[in-house]
Structure formats: structure tokens, C-alpha cells
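Student: got a predicted structure here, sequence first:
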Amino acid sequence: MKFPCRLDKFISHLAELPRSKARASIKRQAALVNGEVVTAFDFQIKQQDEVVFQGEQLVFLGKRYFMLNKPVGYVSANSDELHKTVFDLIDEPNMSDFHVAGRLDIDTTGLVILTNDGDWSHKITSPKNNKFKTYLVETQEPITDESLDALREGVQLHNEKALTRPAKAERLANYGLRLSICEGKYHQVKRMLAAVDNKVVELHREQIGNIKLDENLAAGEYRLLTAEEIKL
Ligand code: URA
């Protein structure tokens with residue numbers, strides 16, 4: 001939410017009402033701004049204004065950032081007709097202006113960040129900013145030295161012009177590696193493994209930039225980012 005903000009939008013967001021209902025109530029003189037009744041829907045609210053609606057003060061919670069350990073079976077979207085979304089796991093007020101900073105596929109687990117700060121999420125997801133995202137990858141075929149070298153140097157993905165940017169790849173087991181990439185192409189890790197004749201069996205994101213998934217979060221749990229993590 002950006003300030004100044006229209007009164008009807010402010011109320012609809014904070015009272016979690018459709019805009020039409022917020023307007024009907026504003027018309028019935030249910031909104032006070034700094035102690036005065038306001039009936040103009042487009043009245044401009046500043047961040048420091050005190051807004052009381054139907055007898056209750058509405059407080060904008062500001063920019064918020066949640067780290068979620070995404071389980072399998074949830075899509076990284078605000079709504080979906082078929083599947084549960086990551087927002088179904090977040091029990092917090094006023095989430096309608098949130099988005100996912102860096103989506104994961106439905107069958108991928110691990111670190112997802114949800115925020116209402118678009119500038120911040122752009123900084124962490126834009127490939128220009130070179131933020132590495134780190135994944136634990138379990139594969140169907142054994143991981144060869146040649147495939148590790150190819151992943152590090154860059155591989156040709158189907159339907160892409162350029163090779164992938166240099167990645168960090170570390171073998172963890174015969175069928176497991178840690179892969180860090182600084183791009184976010186559609187299904188990138190799965191396509192990179194396909195490019196080296198392998199297949200992803202399980203995929204888990206453990207880190208975005210310097211923000212690590214909190215190991216105390218079980219699948220489906222979330223917490224606020226700390227001030228330190230937001231700065232990272
Ligand atoms: N790469 C993928 O293929 N899937 C994800 O969910 C994330 C990265």
C-alpha cells in the first residue's frame with residue numbers, strides 16, 4: 001500500500017472488505033479521519049493519519065516480510081482454482097497486497113519469502129542483482145563430474161538463446177547436489193538437470209542471497225524475517 005492512499009482503498013484493505021462495502025459504510029458516515037467524519041471515497045489518507053472505521057482504529061501494519069518453509073502441494077500464487085496456495089499457510093491480517101518474492105514449483109519445498117514490499121523483492125529476485133539461490137537437488141541418475149562441470153560453466157536450456165550463467169555445483173552424494181544459480185528462469189533447476197541428461201526427483205530451496213531457511217521451521221511453518229535478514 002502506497003501513501004497518500006484513497007480512503008475507500010485504505011478501509012477496504014485494512015478492514016478486509018470489498019471496495020463496494022467500504023464505500024457504502026463511508027457513505028453512512030462510518031469513517032473518521034483524525035476525529036472528523038469523512039464521506040468522500042477519494043479522500044487522501046497520509047500514513048500518519050488516524051483512521052477510525054465503525055468504531056475501531058485501523059492501523060496500517062507497514063512493510064512485512066515472512067519466511068515460509070513451503071511444503072509439497074502448494075502453489076506460489078495469491079490464489080488458485082485447483083490447488084492450495086502458500087498464502088493458505090499464513091495466518092496474518094491484511095495480506096491482500098502481498099506477493100511471493102521468488103516462486104517455487106508446486107512440488108518444490110523450502111524457502112519462500114512473502115512480502116508487500118515490491119522494491120525489496122525486486123532487489124532480491126532481479127537477475128541483475130546477482131543474488132544466488134541455493135537448492136538441494138536429488139536426482140534420478142548418478143551425478144557425473146562432467147555434468148557438474150557443465151552446470152558450473154553454463155548449459156543450453158531448451159528454447160533459450162544464451163547458456164545459463166555460471167552456477168555453483170557441489171556433489172553431496174551419488175544422487176544429490178547443492179546447486180546455486182543467479183537467474184530465475186521457468187523451472188530452471190529442472191531444465192538444467194535435464195540439459196545434462198539427468199532428472200530432478202526432489203528439489204528444496206535452502207537460501208536466497210544471504211537469507212537462509214531457518215532450520216527451526218518445519219514444513220508449512222513461517223516466521224517474520226529479522227531486521228538483519230531484511231538488510232541482507
Ligand atoms: N527451479 C525449478 O526447476 N523449480 C523450482 O521450483 C525452483 C527452481
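Tutor: Looks like it came in fine.
Student: would you mind listing what in the chain touches the ligand?
Tutor: Neighbours of the ligand within the chain, by C-beta under 6 Å from any ligand atom: Leu104, Asp105, Thr108, His187, Gln188, Val189, Lys190, Leu203. Heads up, the C-betas are built off the backbone N, CA and C, glycines and all.
Student: out of those, list just those in helices.
Tutor: Mapping these onto helices (DSSP state H) picks out Gln188, Val189, Lys190.
Student: so what's the second one closest to, chain neighbours aside?
Tutor: What sits nearest to Val189 in space, not counting adjacent residues and going by C-beta to C-beta, 6 or more residues apart in numbering, is Tyr135, at 5.4 Å.
Student: quick check: buried residues in whichever strand or helix holds the one you found?
Tutor: Applying DSSP states H and E as the criterion places Tyr135 in strand 133-139. Neighbour-count burial for strand 133-139, counted by 16 or more other C-beta atoms under 10 Å, picks out Lys133, Thr134, Tyr135, Leu136, Val137, Thr139.
Student: next: stretch 222-231.
Tutor: Buried, per 16+ other C-beta under 10 Å, within stretch 222-231: Tyr222, Leu225, Glu229, Ile230.
Student: nearest residue to the second one in space, please, no chain neighbours.
Tutor: Counting by C-beta to C-beta, 6+ apart, Tyr65 is the residue found nearest to Leu225 once chain neighbours are left out, at 4.0 Å.
Student: in contact with the residue nearest to Val189, which residues?
Tutor: For Tyr135, the contact set (C-beta atoms under 8 Å, 6 or more residues apart in numbering) comprises Gly110, Arg178, Leu179, Ser180, Ile181, Val189, Leu203, His204, Arg205, Glu206.
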